[in-house]
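Participant: what's the 3D shape of this:
(chains A, B, C, D and E, ligands or ions: 5)
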Amino acid sequence: MKLINFEFLKLRKKSRGWLGPILVFILIMTAFPLTVEILNKNLEQAFFSILWIATLLVMMLATEDIFLEDYNDGSLEQMAIKYDSLSGLVATKIFVYWVLIGIPISLIGALYGFGITRSSESALQILPILLITTYIFLNVFSFGNALSLTKGSILGTLITMPLVLPLLVVLGKVVIAINLGISFLGFLFLLLGILSIIILILPMIISFVIKAHLE
Amino acid sequence: MKLINFEFLKLRKKSRGWLGPILVFILIMTAFPLTVEILNKNLEQAFFSILWIATLLVMMLATEDIFLEDYNDGSLEQMAIKYDSLSGLVATKIFVYWVLIGIPISLIGALYGFGITRSSESALQILPILLITTYIFLNVFSFGNALSLTKGSILGTLITMPLVLPLLVVLGKVVIAINLGISFLGFLFLLLGILSIIILILPMIISFVIKAHLE
Amino acid sequence: MKKILAADNLCYSINETKLFQGLSFDLFEGKAIHVLGGNGSGKTSLLKIISGLSKPTRGSITKSNKKNVCFVGHKNALKQYLTVEDNLSLLEVDKHNDINAFLKKLELSKLLDVMVASLSYGQQKKLALLRLFLNDSDLLVLDEPCVGLDRKSQDILCSFLREQKEEKKALIFSSHISLDVDSEYINLDKAIS
Amino acid sequence: MKKILAADNLCYSINETKLFQGLSFDLFEGKAIHVLGGNGSGKTSLLKIISGLSKPTRGSITKSNKKNVCFVGHKNALKQYLTVEDNLSLLEVDKHNDINAFLKKLELSKLLDVMVASLSYGQQKKLALLRLFLNDSDLLVLDEPCVGLDRKSQDILCSFLREQKEEKKALIFSSHISLDVDSEYINLDKAIS
Amino acid sequence: MIKKFIHQFASPKTYLFQVDRAYPYIFYASLFVYIGSLFWGLFLTSEDFVQGNSYRIIYLHVPASFISQSLYLAMAFASAIFLIWKVKLSAYLVKSIAPIGAVTTFIALVSGSIWGIPTWGTWWAWDARIISTLILFIMYLGLISLHDSFTDYEKADKFLAILVIVGSVNIPIIKMSVEWWSTLHQTASITVTEKPAIDASMLYPLFGSIIGFSGIVFCLVILSSKLQILLREKNKSWVKDYV
Ligand code: HEM
Ligand SMILES: Nc1ncnc2c1ncn2[C@@H]1O[C@H](COP(=O)(O)OP(=O)(O)OP(=O)(O)O)[C@@H](O)[C@H]1O
Ligand SMILES: Nc1ncnc2c1ncn2[C@@H]1O[C@H](COP(=O)(O)OP(=O)(O)OP(=O)(O)O)[C@@H](O)[C@H]1O
Ligand SMILES: [Mg+2]
Ligand SMILES: [Mg+2]
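Facilitator: Ligands and ions are numbered 1, 2, ... in the order given. Alright, predicted model coming up:
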């Protein structure tokens, strides 16, 4: 509980940390119609591509110094001394990021979806997908950033991209399902399944990786 | 001359700095077809949107610590003591970023353009546009980052948004021109004009901003 | 006297560079050890091993109470973008009552609303030392705690350390300047093979 | 004797906090000034003003040769992700011949291939001091140059500073430990209004 | 027990000496097999009805594609052993396989692209298997750069092993990609359970080329692991004797 409060305080006060990614998301979603002129049909078709890629990128941006800052200023050291395993801390951190960045972006994404597709149904379908996806992305990118902790986030990106690309494929399928009106519940459960495995395993691996970095 | 060499060395050795953004670009461009399934027609239509937005984002990523790193480790201090004005340094830095990141991304972007639109003509038209656009983006984002140097704030992003959005509109028009086969030279000159003004003025402003930060 | 820490035949090497070899010592409650050695002799590495952050290449460390270590290193563990007050609230503190007394002693009480980034070097270090002052651990591991402190703060630190020794805490610290604390010495310059 | 630096009635305040007021002094070639003062008394601020990084709130600084200042501060200006060798190549150096001699003296010559990030605290500081050693400026501004150095390196630094004084360089430095260099003192604790 | 056994068996020294003895035989045998099947495939078989002569690049493309995935599996296996039993040798193996995997994946990509020009009329398609091969290639690059970015070998080994294992979730995806998506690319024509879908005159040389190519790559792996061992254990006395 204390951990959650701490992480909330830290992330909230660092406006670049949480408001930044959200603004970048809005920027992308706003900018994109500008680039396709006002041929509205194109707009709708490209919308989902942009939505997924924007989500992916913004989660990538958001996690950029999820551990780096704490590593650089020595807080991680202190935590590692205090606790045997850091996986609780890691899970908390990711959760806080999800609440402060993932949820707002999911809501905004669904809102844009409503604005562009003009169908409240598809907007409602996107929302849970986005909520789950952002959480998965946050976990995976955190893993990448943990591995490349001292070496810069981009190495982390390079490492994790192969892991998230398959997810994008699934998301692509979701869009088709939504467009064709096929039930998308199957995908929802698939994503939920992936998420639950990831939530269980990744924080432990990340904690292990971070400990190794601190040596 | 020495300055250029130094900046080249620094950026080259920091693989996260230059190889990173390029890889992210490649990954976005590669990932995007995954999200639209293999309905090749959609692909082509969304391609340019993705291209511009990817360029924008990657330039934003690339410049993220163009000054921050030097500020944090004290190199900027040393430079500020040595030179009356930092605008030479700033211009050099941006130039080096353009050579190491902007140019490769323009080439790769054109290549993707060729791969997706299957028209060597439009790929050749994209190339100069991309070269100029990346340079403009780098300048503008450097300005934003200089502004928010110490505060870890999103001030920079906020301020650069209104500067960048009009550019995206122009880029959107360029695409239409290319698609309809209208001469795009007008746009090219427009962009060149913007670029030359920016190149002249922004480094001076950035230098001023940085000096103020160092006080 | 209780043994807080026993180091047995510690060896540490990085990429074939041997820093120390066959280092054995015991640390009892109420005692202090001052780790000496030139730059790069392995003081920080040793202290990190003791606090459990890294593992020795060979040899073993036994601690009486694993969880009760307070480590203050070169890194301050402060959030530059938060105010002094917020940083204090992030500190996990055992002795809540003493906070204000220490802030006053260290002349930080007027700076509660200031961002840590704009504090002076020594003021940041003092703030980091609060972690030590407000903590109730049995084993205090300090890596050059005096760096950047003025005379007055150094005295506060030393008298605190002496108090802690009387309260049966065990101390181990590295420092290039001598501290006014009774202690045994370990010289790492001699431990290099 | 040439006057290298003249400070006239310097005042500096941040957000209504006055750090020093009405500070006037001259620095001649071959002389040294040791700036004293507790943590947060404004030593770093003063040295930054002298080196031209910031401007005093009131008063003026006159330097005989504006461009010729060497400043070594709390920040090392090293690239952590580069090796020692690459960092050296980034250093703008006046005395190329002396590099190896100094590296040897400071025991860094074996570490040329090591990334700066994995050097010890003191080794990084020594590397940062190379900027000073290899420089040919008239005015040397040092902000706590001794922090984290072992005895031997401190001696090397001090003897270098004494040499520089003989070569008619002007020195101004802050330090909480006393350096073995003949110098006048400025005490900022007294300058606070 | 197991741990002790593995450690004894997998000491870099024993490995090196064993491998030195076996290596030439494997190399020449597989070279022979590969060249033999190439000869058979290229000169002794007839033109394909649909694809003309261009299909002959299959003897490079399929072995390379096959081996690039197998190498990854081998790495995953070695990584697991390294993480569980701390066997140094397997860490060396992982490190030495990575660049070779990258090269074979690259060969698969390039040969596929070349093949695509006559058959699909394009050198690149946004096809699931092609993209997943590209992902594999990127993964190899990521692994290499991860290891390279650490100067402390012990850390580097650990991180590399973790990443290999986490990344192995992609292998089934690559394998299955052709079945899951509608694509341009061939589905597996050789499976264990079903009758092969291609003519025997192509099948046997293809088999041979896969085996031969694998053998050659295997030898490359041995070579590179030798190099790795000598590099990493250069301060050990037995290495000095060996050299
Ligand atoms: C850049 C383009 C290409 C890539 C990345 C690629 C990749 C792959 C991969 C990963 C495999 C799987 C090997 C295995 O399952 O063991 C494979 C097999 C195969 N590819 Fe390609 N391929 C490409 C282009 C082509 C083209 C143009 C053709 C011919 C039309 C082709 C024909 C085949 C065949 C016949 C197999 C064997 C399938 C089997 O028996 O399992 N490929 N390729
Ligand atoms: N990759 C590496 N290759 C060679 N030497 C290394 C490497 N990484 C670290 N070292 C060495 O390990 C030592 C680490 O020493 P440590 O930080 O423990 O020194 P210290 O006694 O705390 O020094 P200081 O007084 O400067 O703080 C240094 O000598 C450093 O050069
Ligand atoms: N925004 C602010 N509000 C109030 N005080 C501030 C603010 N920014 C800086 N200060 C004060 O300005 C002073 C800066 O001092 P400076 O860094 O020059 O000290 P110093 O003498 O170098 O100390 P040290 O010995 O610790 O290095 C500090 O006392 C700091 O608290
Ligand atoms: Mg140390
Ligand atoms: Mg100071």
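Participant: I figured residue A:173 hits residue A:188, correct?
Facilitator: No - applying C-beta atoms under 8 Å, one finds residue A:173 not in contact with residue A:188, separated by 11.8 Å. For the C-beta atoms, the positions are set from N, CA and C on the backbone; glycine is no exception.
Participant: three-state assignment of the one residue in chain E that gets nearest to ligand 3?
Facilitator: Checking chain E residue by residue against ligand 3 with C-beta to the nearest ligand atom singles out residue E:151 as nearest, at 32.5 Å. Following DSSP: H, G, I helix; E, B strand; the rest coil, we place residue E:151 in the coil state.
Participant: skipping adjacent residues, who's closest to it in space?
Facilitator: Nearest residue to residue E:151 in three dimensions, chain neighbours excluded: residue D:115, at 5.5 Å (C-beta to C-beta, 6 or more residues apart in numbering or on different chains).
Participant: do you know the pLDDT at the closest residue in space to residue A:215 that isn't next to it in sequence?
Facilitator: Excluding the flanking residues, the one nearest residue A:215 by C-beta to C-beta, 6+ apart is residue C:54, at 3.9 Å. Note for residue C:54: predicted pLDDT of 89.
Participant: hmm, back to that, per-residue pLDDT, the residue of chain E closest to ligand 3?
Facilitator: Reading off the per-residue confidence, residue E:151 sits at a pLDDT of 75.
Participant: same check on residue E:38?
Facilitator: 84.
Participant: look at the residue nearest to the spatial centre of chain C and give its secondary structure.
Facilitator: Central residue of chain C (C-alpha atoms, centre = their mean): residue C:142, 1.4 Å from the mean position. Judged by three-state DSSP, the three-state class of residue C:142 is strand.
Participant: what does residue C:10 give?
Facilitator: For residue C:10, the assignment made with three-state DSSP gives strand.
Participant: circling back to that earlier point, measure the residue of chain E closest to ligand 3 to residue E:224 for me?
Facilitator: If you measure residue E:151 against residue E:224 using C-beta to C-beta, to the nearest Å, the figure is 20 Å.
Participant: so which of these two has more stuff around it?
Facilitator: The neighbour count for residue E:151 versus residue E:224, taken as other C-beta atoms under 10 Å in any protein chain shown, is higher for residue E:224 (18 against 15).
Participant: what sits closest to the more buried one if chain neighbours are left out?
Facilitator: Take residue E:224 and drop its neighbours on the chain: the residue closest to it by C-beta to C-beta, 6+ apart is residue E:96, 4.0 Å away.
Participant: which element is the one you found on?
Facilitator: Per DSSP states H and E, residue E:96 falls inside helix E:88-119.
Participant: show me what counts as buried in that helix.
Facilitator: E:88-109, E:111-113, E:115-116, E:119 (16 or more other C-beta atoms under 10 Å in any protein chain shown).
Participant: quick check: closest non-adjacent residue to the residue of chain E found nearest chain C.
Facilitator: Going by C-beta to the nearest C-beta, chain C is nearest to residue E:235 of chain E, at 5.3 Å. Nearest-residue entry for residue E:235: residue C:16, 5.3 Å, with adjacent residues in sequence omitted and distances by C-beta to C-beta, 6+ apart.
Participant: backbone dihedrals for that neighbour, please?
Facilitator: Dihedral angles of residue C:16 (phi, psi; degrees, to the nearest 10) stand at phi 70, psi 0.
Participant: from ligand 1, how far out is it?
Facilitator: Separation of residue C:16 from ligand 1 (C-beta to the nearest ligand atom, to the nearest Å): 41 Å.
Participant: any low-confidence regions in chain C?
Facilitator: Along chain C, the model assigns pLDDT under 70 to residues C:66-67, C:190-193.
Participant: which parts of whichever helix in it runs longest are buried?
Facilitator: Taking DSSP state H as the criterion, chain C has its longest helix at helix C:151-166. Of the residues in helix C:151-166, those buried under the neighbour-count criterion (16+ other C-beta under 10 Å) are C:153, C:154, C:156, C:157, C:160, C:161, C:162, C:164, C:165.
Participant: after the helix or strand where residue E:211 lies, which helix or strand is next?
Facilitator: When elements are defined using DSSP H and E, residue E:211 is found to belong to helix E:200-232. Taking DSSP H and E as the definition, the helix or strand that follows helix E:200-232 towards the C-terminus is helix E:237-242.
Participant: so is that next one next to chain C?
Facilitator: No - using C-beta under 8 Å from any C-beta of the partner chain, helix E:237-242 never reaches chain C; the gap is at least 12.3 Å.
Participant: how far out from the middle of the chain is that helix?
Facilitator: From the chain centre to the centre of helix E:237-242 is a distance of 30 Å (C-alpha atoms, centre = their mean, to the nearest Å).
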